[in-house]
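1. give me the fold of what follows.
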Amino acid sequence: MTNLLLEQYARYKKTALERSPYSCLLNADIQLNPHQINAFCAALQALKTGGIILADEVGLGKTIEAGLVLKYVIQSGAKRVLIALPATLRKQWEVELDEKFGIRATILDRFLVEKDYHATKSMLCDNPDPQIVLVSYDYSSKLMRRFPTVKWDLIIIDEAHNLRNVFHGTKRAKNLFDLSKGIPKVLLTATPLQNSLTDLHGLVSFIDPRIFGSEKVFSKRYVEGQDYSDLKSELAPVLYRTLRKDVSKYMNFRKRECRTVDFKLSQDEVTLYMQVNAFLKKDVLYSIPTANRGLVTLVIRKLLASSSFALIETFEVLRSRLEKLYEGTKSADAQEGFDLFWEYVEDEISDDDFDASDDEDTAYQKQLIQNEIDEVSSIIETAGCIKQNAKIAALKTALHTAFEYQEKGGIPQKVVVFTESKRTQKYIAQELRKNGYAEEDILLFNGDFDDAMTKEIYRAWQVKNFGKTNYGRSVEYKHAIVDYFKHHAKILVVTDTGSEGLNLQFCNTVINYDLPWNPQKIEQRIGRCHRYGQEHDVVAINLLNTENEADRRVYDILARKFELFDGVFGASDKALGTLESGISFEKMVLEIYQSCNTAAEFKKAFDKLDRTIEARRNKKASQLRSLLLVESSESKGQALDKTKEDIDRYLREVEYWAAIPDEDELEGVPCYLRIDNWGDAQFGGHGLLFIGVFCDGQIPLFPVLLLCDENGEYIDFTEEDILSVIEQADDYDIHYFHPTDAEMGVFYSVYERLTREMSQKYLKDAENIMAYNRRKVENWIEIQTEQLNLQIAEASEELRALNFQSALAKAFLEKLDIKKKAEEKKKQLLKLQESFHQKVSQIHGDGEATISEFNKQFEIHPFLVPKVVLKY
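-> Numbering: from 1, shown residues only. Sure thing, here's the model as predicted:
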C-alpha cells in the first residue's frame, strides 16, 4: 500500500541520507568499526580548516579511515587527490582502494610520466573524472612541479612520520611542504611523537604552519618552558588518536606469547664466529670499501647470525674484490658482486648513518692484500667444513613443538619461519625435507618469482581467479603464495623483503630463525600473523644462542624494553617510539659488537644501552605522549558506543527508506492537505504537520518534519515518533483544502520562525569551525608578534655582546672593526623597533582579512521549502 505522506518526505530524507558521511559505509567492503568512523568524521570536520593527523596505534586501520575520507570527498565533488607514501606501499594502496572502496587509483613515477607525458597531462589537466594518484614521497613534489596548473583538492600522506623533519631533514619533506601549502591534508602515522616535540611541530606545520608558527617561537613556548597545557589544546583539533585498548570491545585482539628454543654452536661454528669477529674488528680491511664499511659490517654480522652457508657466498665476493685489487684494479672498479650486500639493508639506511670516508687512491701493498686473501680464504674453508648448523636442530624442535600445540588446540597447522638470507632460506628447506617434511608442505618466498614451484603456484592461482581484476604481477604472486599457504602448505619460509604485504592472520605461529636488531622489523614480522582477524593467540618462537652474552642481551632488550613478544597488543607505540627508529638501535648494537671484546666490556656497554632506552621511557616521555590523547579511555569508549548506535540507526534508515517508492511529486508549494478523524486519535488534538526541506539556495541541506498545534506552537515529537504515526495514515482520508486567512496566519508565523531556527541550526554547526579558525588566526597573530619581539631581543643581545667585546679589545684595529659592527647592529635594531608597530598592525589586518575570507564559505541563502502542510 502506498503512503502519500511518507513518499513526499522520502524525497528529502533519501537525499539527506545520501549526503551523510555514513553513506561511504554503503557498498564498501569493510567491517564497520566505530573508532574508524569517528576518525573519519573528525577528518571531514578538520578538512574545513586545513586537515588532520590520524594517529591511531598500529593495526587499527588508518588506511580504512583514509579510504572513507577519500570516498566522501570524491562523492562531494573532489576531482584531484594526491597520495604520497613510501614507494613500496603504492601497489598495496592501489589494491585496497579498489577492493574495499571501488576507487581506481593510478600509480605514477618519473618513468611512467615521461614515457607518455601527453597522456598523463590529459589525465591530470583535462579529464573531468576524479583522478586519484599514488606517488612516492620523492616524486610527489616533482609531479606537482611538472603539472603546476593542476588544482589538488586533497593530499593524503601515509607513514607521515617519515616527513616530520620538514625543516631539518631531507629536501623531499621541505619540497612537498612548500608546494602543498593551502591544500587540505590527511596525514597517517602511528608514531607522530618520538620523544621530540619538534616532530609534532613538523607534522602539524604540514596541516597549517600558522598553528605553531616558526620553530623558534614553538621552542620558546613549549620546549623551553615545558608547559604542555596550551599545546594539548592546540593539537586537539588537528590530531585524532585511538589506542588499541580503547577498542578491545569491538576488535578482538588475541594475545601473543613468547617462547625460546636454546642451542649451542658446534666447535667448528665457534671457530668460524671467532674468525669472522676478528676479521671485522681489524682497523684496515681492503676487501670492504671504506665508504661502505659500516653497512657491509652490519650485513656480515647479520649473515653470521643467520647461517654459515649464507656467509660463504658473501666472503667469496670479498675474496674476488681482493684478487682484483691485488692485480692492480682501482678500488672503485672492484665492486662486482657487492649488490649482494644491499638486499640485506633497510630502505631507510644510507651511508650517512655510518661514519664513512673514501678509499685512499694509492698503490696497495700486495703483501697486506695477500694476507687478507689468505684470511678470507680460511674463513670460507672453515664455513665450508660445516655441513649442518646447530640452529637447524633448534628449528626442528620449535616446529615439532608448534605443530603439537596447534594439533591439541584444534588450530590449523601453519608456521611462518623468517630469515634475512635467501641462502639460509634454501638451506632451511633442504634440511626440513631431509627431516621428513613433504615437498608440498614447505613453501619458500623471497620476493623473486623465478623458481619453478612459485611459478607453478601462480599459474594455478591464475586459473582459479580467471577474470578477476589484474593488479600486476608482484601483487598477484603474493596473493597466490598466501592462498597456497592457507590451503596447502604447513611451513612458509620467507625473507623480510618477501613478507611485505602478506596478511597471514590464519597462521598463529612465527619463528624467527635469525633475530633482527631492528625492533620495528620484528614487530612487522609478528604483525603478519598478529593482526585483526587472527582467531588464536599468536606464538613467537625465537632461536637463541645462550652461550653468546651479546646475543642474549640483545634479545633481553628487545623483549623487555620494546615489549615485542608478549601481551595483547605486542609492541606498543610507547615501546617502539623509545628510539627515533629501529635503525638507530641497530647501529648502537653494531657499535657494541665491534668495540667490545671481553664479557665485562659487553656487560658495561649493554648496561649503558639499557639505561639510555630506559631514560627515554621516563616520566617526561610519558607526559609528552599524553599530549596525543584528548580524552580518557572511558570517554572514548562512550563515544564509540554512541557511534555504533548512530551507524546502526543510519543503516536501518537506509533500509527503511529504500522500500519507500519514488512517486510523482505533488503539485504546488506548499501543497495544502487535510486528513479527517486523525488528530484526536493520533496526537490528542488538532494542528498542522509540515513536510519540507531546508535549502541553501537550490542545495538541500536537511529535511524538515514538524508538528504544531492550532496556534502554531511546536509539539515535542521526534522524527521517529511522527513517522510511526503517519505510517498508519490512509491515503483515502487525505484531501486537498484551502486554508482560511487565520490558518494562513498561523502557517506564515510557523514558516518564519522555522526558517529562522533552521538558519540558526545550520550556523551553529558552522560556528565551532569559524570559532576554531578565529582562535587559530589570533594565535598566529600572537606568534608573529612574538617573532618580532624575539628578533628585537636577539639584535639587542648581539649589540650588547659587541659593545662588551669592544670594551675588552686591546688592539686599535680590532676595536675599530668591532665598533663598526656594533654601529651596523644598532641601525638594524633601531629599524626593527621603528617598524614594530607598523608590522604588528599589518599582521592584525592580514589576520582579520583571513578570518573574513574564511567565514564567507559559511554564508548561506536560507530557503525553507514547505512541500506539504497537512491539517489534522
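
2. can we go C-alpha only for contacts and neighbour counts from here?
-> OK.

3. and the helices in the stretch 201-350 of the chain?
-> Assigned helices in the stretch 201-350 of the chain, in chain order: 215-218, 229-235, 267-280, 293-306, 308-326, 339-342 (criterion: DSSP state H, counting those that start in this stretch).

4. among those helices, which comes closest to residue 752?
-> Judged by CA to CA, the one of the helices of the stretch 201-350 of the chain that comes nearest to residue 752 is helix 229-235, at 39.3 Å.

5. before we move on, the earlier item: residue 249 is nearest to which of the helices of the stretch 201-350 of the chain?
-> So among these, helix 229-235 is nearest, using CA to CA, at 26.8 Å.

6. show me which residues of the closest one are buried.
-> The neighbour-count check on helix 229-235 (16 or more other CA atoms under 10 Å) flags 232, 234, 235 as buried.

7. relative to residue 784, how far out is the first one?
-> With distances defined as CA to CA, to the nearest Å, the gap from residue 232 to residue 784 amounts to 20 Å.

8. hmm, back to that, want to throw the buried residues of helix 229-235 into TSV with pLDDT and distance to residue 125?
-> Shown next, in TSV, are these (pLDDT from 0 to 100; distance: CA to CA, whole Å):
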residue	pLDDT	distance to residue 125
232	82	41
234	84	37
235	86	36
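
9. tell me which of those is nearest to residue 433?
-> Distances from residue 433 to the buried residues of helix 229-235, taken by CA to CA, are shortest for residue 235, at 56.5 Å.

10. in stretch 402-413, what counts as buried?
-> 402, 403, 406, 411, 412, 413.

11. over to stretch 519-533?
-> For stretch 519-533, the neighbour count (16+ other CA under 10 Å) marks 519-523, 525-532 as buried.

12. try stretch 33-50
-> So for stretch 33-50, counting by 16+ other CA under 10 Å, buried means 33-47, 49-50.

13. stretch 173-189 now?
-> Within stretch 173-189, the residues that qualify as buried by neighbour count (16+ other CA under 10 Å) are 173-177, 180, 182-189.

14. okay if I get the buried residues of stretch 402-413 as TSV plus secondary structure?
-> Shown next, in TSV, are those (DSSP: H, G, I helix; E, B strand; the rest coil):
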residue	secondary structure
402	helix
403	helix
406	helix
411	coil
412	coil
413	coil
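
15. in strands, which of the buried residues of stretch 33-50 fall?
-> Counting by DSSP state E, those place none of their members in strands.

16. low-confidence ranges, the stretch 1-150 of the chain, go.
-> 1 (pLDDT under 70).

17. flag the shaky bits of the stretch 551-700 of the chain, pLDDT-wise.
-> Along the stretch 551-700 of the chain, the parts satisfying pLDDT under 70 run over 566-583, 616-625, 663-668, 679.

18. quick one: stretch 817-837 to chain centroid distance?
-> In terms of CA atoms, centre = their mean, to the nearest Å, the centre of stretch 817-837 is found 48 Å from the chain centre.

19. circling back: among the buried residues of stretch 519-533, name the ones in helices.
-> 519, 520, 521, 522, 523, 525, 526, 527 (DSSP state H).

20. lowest-confidence one in these?
-> Lowest pLDDT among these: residue 520, with 76.

21. report the separation between that one and residue 191.
-> Look at residue 520 and residue 191: by CA to CA, they are 12 Å apart.
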